[in-house]
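*Asks:* Please work out how this folds:
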Amino acid sequence: MKKHYLLWVLSMACFLSYGQIPAGYYNQANGLNGSQLKAALHNIIDGHTTYPYSSSSTDTWDILKDADKDPNNPNNVIGIYSGFSMNGPAEYDNGNGWSREHVWAKSRGDFGTSQGPGTDCHHLRAEDVSTNSARSNRNFDNADYYYVDGSGQYSGSTLSKTSDSEYIWEPRDAVKGDVARMIFYMVVRYEGTNGEPDLELTDTYLSNTSKEPLHSKLSTLIEWHLNDPVDNFEIQRNEVIYGYQNNRNPFIDHPEYVCEIYPTYCTSSPSNNAPAFASAPILSVTEGDTYNYSVIATDADGDPINISASSLPSWLSFIDNGDGTALLNGATSSSEVGIHSITLTASDGTDNTTQTFDITVEAQSVRGNASDLFISEYIEGSSYNKGIELANFTGSDVNLSSYSLMKSTNGSGSWGSEYSLSGDLSSGEVFVIVHSSADAAMQAQADISTGSGIVTFNGNDAIGLFKNGALIDLLGNPNDAVNFAQDITLVRKSTVTGPSSSYQPQEWHQFATNNFNFLGAHSFDGGTATSCDVPTNLSIANITTTTADVSWSGNSSAIGYGLRYRVSGSSTWTNISVSGTSYSLAGLSDNTAYEFEVRSECGSLNSSYSAPETFTTQSAQISYCTSGGQYANEEWIQRVVFNTLDNTSGSNGGYADFTSSSTSVQAGQTYSFSVHPEWSGRSFSEAYDIWIDYNQDGDFADAGEYVATISKTRDVVVSGYITIPTTAKNGSTRMRVSMKYNRNATSCEFFTYGEVEDYTVNISEGFSSRKALILENVKPDPVNNLKVYPNPTSGKLFVDMEVRKRADVNIVSLNGMLVKQATFVNGEAISMNLEGLDNGMYMLILKEEGNKHVTKLVIK
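*Replies:* Here you go, the predicted structure:
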């Protein structure tokens, strides 16, 4: 590609805001080293203000939300090992939030979460729950492979490493020094005084069960400290924790202390840090514009910095402000067009750092407002002198991967010899493809030299430029074999502002055979700025269970449209490129709410997406098997109650469709039911069964859909509980209630005596995905009020509660089945024989005066 440099002014300035160490804070440590320095630092940082691990007042959660705040999202915290940005208010949240990592593992010294080392925020860091667990109390050392967090709310690849062969953990490179300095802090802060552990470092690995107050590996931690210097995040964090605890991490304020305490481990001591440039230079400017570069340099030791410039061109001036900042600026003209080398030097009096770069002064050029790429030149010369030139005057760089060239041979009407393009084409540049045996003058201008079919055309072969498979520009007639361009050079006129999908001969200048003078550049008058408006009048029609037709009002500048749709509330869009102003969506789910948006695509320019329009697909008509009794004149279902559904009817001839009667339930919740039989004369033994089609697939055969079964009984009412599983599909579904004489029925059975009734249940997502039973109107029991003993039990159970009149006791299995009943009368304790019940967890539910009291019961 021809390099016509265009101005893209990119500037970046980052400045390390070094914390202000209180005057005299480290005076006790001046001039000391080794064990004396370690002891002095202990005295300086000892006795800090402590906070509880967890509390309704300020605790370690609150401090870490401040100290580990994500600079790009202040509502989030950053995980030290994973780098995940996590929702700050979600403190653990049953494992779905974040946790507090003890960088010095709390088992190394067995101090747990007690105030002091267990709550010292200088070594507590935010981390994802599962990554925290993976690190555990592993020794710090260089490890084998990257750890991938595969579970929990936050998951994915991390840049931290672990090992299968050694019990070690390697933090990601960006925080290795941070981890080391936190460990060094703990060694100095906790010296065994005032009942605190005496923490020390070792080069020997410790097992996962060791509770010795040691951590490993000292030599590696010093290596990390030297290779990962203190950064701005670490400095700011030190300030935040100092604001709470009133003590500082001395190894952040004075990194050189590490090698002064452990000199034998240090191959080089950071006694002086060379200054560093914290700003990036601006590398280009267009003639006629003023160049400005605000220079910033920093020094980790806080030393004064002088900045100087050498080899400056005459049009630039340089001013050192004397405070670590400087200004390089100057006005440009046509005489400055070209490349200028600059060298800046920052010095702290001991060490120097240079910044060398080139400034390119660009000549003014017309960027243009073409609607898209277009064919700008065509050469059909003698022998192999064949070439095609494409031009980009859209005003933006264009990625060529969406474009291809094809030819229609001898007016055949079909396209072939496709040549797919790649790379990027800057605005104002041209892209040239020539035959590999073309004249040297053509080869000199070529971006691609090839022998492929796209450059073996003759004067009657139409050439097409395609974008995403759609024709956008055409030279010649693909359906006519007439020679339109034999032995000539065609150059697009400078007034043409974009491609055309129909051949326009008037848009081309014609030149003699083998004229290559124009190849490699193209003149363009600029065109008119394209208005790429947002589509309007979005509409939906012909909605079925799985399809819907969407349409919109288009934009005259658009060459296509971007349609995207998703399930309402979802975060994932499905994207579709559309050439017209309508589209038929297919493969949708029934009874589901969707939303769609559309944008105009005007070559390299796209509009914003429209406001979304919503629609809901139709519900699928599900057919269920039939079931019922042949005779229902002697026994029938008189009444069914489930949650808010309460339907009373007489005999319905063995089957009744009451699907117009419904109730709404939530996944994860438990609801009571009752079935009331009726007989024309004497009572008979009846068995009862209930099914709910939880996955809405038209049957009751799936696991968990057989929700209640009661063996034959002459009771005038049977009852129990049904728990809606958290996996139940949202929406309306079928509930079937069956009463059969003398034995239980199947869901699709026709039997002699009894009745079947069908109802509708509307399921919605519950407030919690936990599988524990959650009952309406359940209130906690005072400790001395409800007494259930022994619990666990293997046979007889005693239940006692202070009640004034009457209370019912129900024992319910975890699938909602009522297995035992009893009644309190006048406050007297009762006993219940539970022999014969399966071992496992049950619920004991006591109902009195409109309230429910619940306790867990274990049968062993």
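*Asks:* now the helices: where do they sit in the stretch 301-450 of the chain?
*Replies:* For the stretch 301-450 of the chain, helices defined by DSSP state H, counting those that start in this stretch occupy the ranges 440-443.
*Asks:* low-confidence ranges in it?
*Replies:* For the stretch 301-450 of the chain, residues meeting the criterion pLDDT under 70 lie at 363-368.
*Asks:* which stretches of it form strands?
*Replies:* Applying DSSP state E, counting those that start in this stretch to the stretch 301-450 of the chain gives strands spanning 306-310, 317-320, 325-331, 338-347, 352-362, 374-380, 386-391, 398-399, 403-408, 416-420, 424-425, 430-435, 448-450.
*Asks:* and of those, who's closest to Asp487?
*Replies:* strand 374-380 (6.4 Å; CB to CB). (Each C-beta comes from the backbone N, C-alpha and C, glycine too.)
*Asks:* Need the residues that contact the closest one.
*Replies:* 385-391, 430, 434, 442, 457-459, 463, 465, 473, 475, 485-492, 496, 498-500, 514-516, 518-519, 522 (CB atoms under 8 Å, 6 or more residues apart in numbering).
*Asks:* Identify the residue nearest the geometric centre of this protein.
*Replies:* Note on the chain: the residue nearest the mean C-alpha position is Tyr154, at 8.3 Å, using CA atoms, centre = their mean.
*Asks:* returning to that earlier point: can you select the buried ones among the contacts of strand 374-380 for me in ChimeraX?
*Replies:* Only the buried entries of those go into this ChimeraX selection, using 16 or more other CB atoms under 10 Å:
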select :385,386,387,388,389,390,391,430,434,442,457,463,465,473,475,485,488,489,490,491,492,496,498,499,500,514,515,516,518,519,522
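*Asks:* Which of the contacts of strand 374-380 fall within helices?
*Replies:* Met442 (DSSP state H).
*Asks:* related to what we said a few turns ago, my reading is that the residue nearest to the centre of the chain lies in a strand. Confirm?
*Replies:* No. Looking at Tyr154 with DSSP: H, G, I helix; E, B strand; the rest coil, it is coil, so not inside a strand.
*Asks:* Need the pLDDT of it.
*Replies:* On pLDDT, Tyr154 comes in at 87.
*Asks:* what's the distance between it and Asp66?
*Replies:* To Asp66, Tyr154 is 20 Å away according to CB to CB, to the nearest Å.
*Asks:* OK, contacts around Val812?
*Replies:* 720-721, 818-819, 842-845.
*Asks:* I'd like to know which of these are buried.
*Replies:* The neighbour-count criterion (16+ other CB under 10 Å) marks 720-721, 818, 842-845 among the contacts of Val812 as buried.
*Asks:* if we can go back for a sec, same list (the contacts of Val812) but as TSV, adding secondary structure and distance to Leu421.
*Replies:* Listed next are these as TSV, based on DSSP: H, G, I helix; E, B strand; the rest coil; distance: CB to CB, whole Å:
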residue	secondary structure	distance to Leu421
Gly720	strand	69
Tyr721	strand	67
Leu818	strand	72
Val819	strand	73
Tyr842	strand	70
Met843	strand	68
Leu844	strand	74
Ile845	strand	72
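*Asks:* remind me which residues of this protein are low pLDDT?
*Replies:* Using pLDDT under 70, the chain drops low at 1-20, 267-272, 363-368, 526-531, 603-605, 765-785, 802-805, 814-817, 825-828, 849-851.
*Asks:* Go through the lengthiest strand in it and flag the buried ones.
*Replies:* In the chain, with assignment by DSSP state E, the single longest strand is strand 750-764. Of the residues in strand 750-764, 751, 753-761, 763 count as buried by neighbour count, 16+ other CB under 10 Å.
*Asks:* What of stretch 324-334?
*Replies:* Neighbour count says stretch 324-334 has 324-326, 328, 330, 332 buried, by 16+ other CB under 10 Å.
*Asks:* Helices of the chain, start to end?
*Replies:* Counting by DSSP H, the helices of the chain are 34-45, 60-67, 129-135, 176-189, 218-227, 232-245, 250-253, 257-261, 440-443.
*Asks:* got JSON lines for those helices, with distance to Leu312 too?
*Replies:* Output for the helices of the chain, formatted as JSON lines (distance: least, CB to CB, whole Å):
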{"stretch": "helix 34-45", "distance to Leu312": "46"}
{"stretch": "helix 60-67", "distance to Leu312": "44"}
{"stretch": "helix 129-135", "distance to Leu312": "50"}
{"stretch": "helix 176-189", "distance to Leu312": "37"}
{"stretch": "helix 218-227", "distance to Leu312": "35"}
{"stretch": "helix 232-245", "distance to Leu312": "30"}
{"stretch": "helix 250-253", "distance to Leu312": "38"}
{"stretch": "helix 257-261", "distance to Leu312": "39"}
{"stretch": "helix 440-443", "distance to Leu312": "40"}
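*Asks:* quick revisit: out of the contacts of Val812, which two sit at the greatest distance?
*Replies:* Farthest pair in the contacts of Val812, by CB to CB: Gly720 and Leu844, 14.4 Å.
*Asks:* Can you get me a residue count around Tyr706?
*Replies:* Counted with other CB atoms under 10 Å, the neighbours of Tyr706 add up to 16.
*Asks:* what do you get for Tyr190?
*Replies:* Neighbours of Tyr190 using other CB under 10 Å come to 23.
*Asks:* Contact partners for the nearest residue to it once chain neighbours are set aside?
*Replies:* Once flanking residues are discounted, Tyr190 sits nearest to Leu199: 4.5 Å by CB to CB, 6 or more residues apart in numbering. Contact analysis of Leu199 by CB under 8 Å, 6+ apart lists 104, 108-109, 117, 186-187, 189-191, 213-215.
*Asks:* try 7 Å this time
*Replies:* 104, 109, 186-187, 190, 213 (CB atoms under 7 Å, 6 or more residues apart in numbering).
*Asks:* now do His509
*Replies:* Applying CB under 7 Å, 6+ apart, the residues near His509 are 491, 493.
*Asks:* Kindly report the same for the one 10 residues further on.
*Replies:* Residues counted as contacts of Leu519 (CB under 7 Å, 6+ apart) are 377, 379, 387, 389, 432, 442, 445.
*Asks:* rewinding a little: can you list the strands that the longest strand of the chain pairs with?
*Replies:* strand 628-631 (parallel), strand 655-666 (parallel), strand 731-741 (antiparallel) (DSSP bridges).
*Asks:* Just the C-alphas of it, formatted as PDB.
*Replies:* The C-alpha trace of strand 750-764 is given here as PDB (Å, rounded to 0.1, in the frame of the first residue of the first chain):
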ATOM      1  CA  PHE A 750     -58.100 -44.600  31.200                       C
ATOM      2  CA  PHE A 751     -59.600 -46.400  34.100                       C
ATOM      3  CA  THR A 752     -63.000 -47.700  35.200                       C
ATOM      4  CA  TYR A 753     -63.900 -45.500  38.200                       C
ATOM      5  CA  GLY A 754     -62.800 -42.000  39.100                       C
ATOM      6  CA  GLU A 755     -62.000 -38.700  37.500                       C
ATOM      7  CA  VAL A 756     -59.200 -36.600  36.000                       C
ATOM      8  CA  GLU A 757     -59.000 -32.800  35.900                       C
ATOM      9  CA  ASP A 758     -56.500 -30.600  34.000                       C
ATOM     10  CA  TYR A 759     -55.500 -27.100  35.100                       C
ATOM     11  CA  THR A 760     -53.000 -24.300  34.100                       C
ATOM     12  CA  VAL A 761     -50.000 -23.300  36.200                       C
ATOM     13  CA  ASN A 762     -48.000 -20.100  35.300                       C
ATOM     14  CA  ILE A 763     -44.400 -20.500  36.400                       C
ATOM     15  CA  SER A 764     -42.000 -17.600  36.800                       C
END
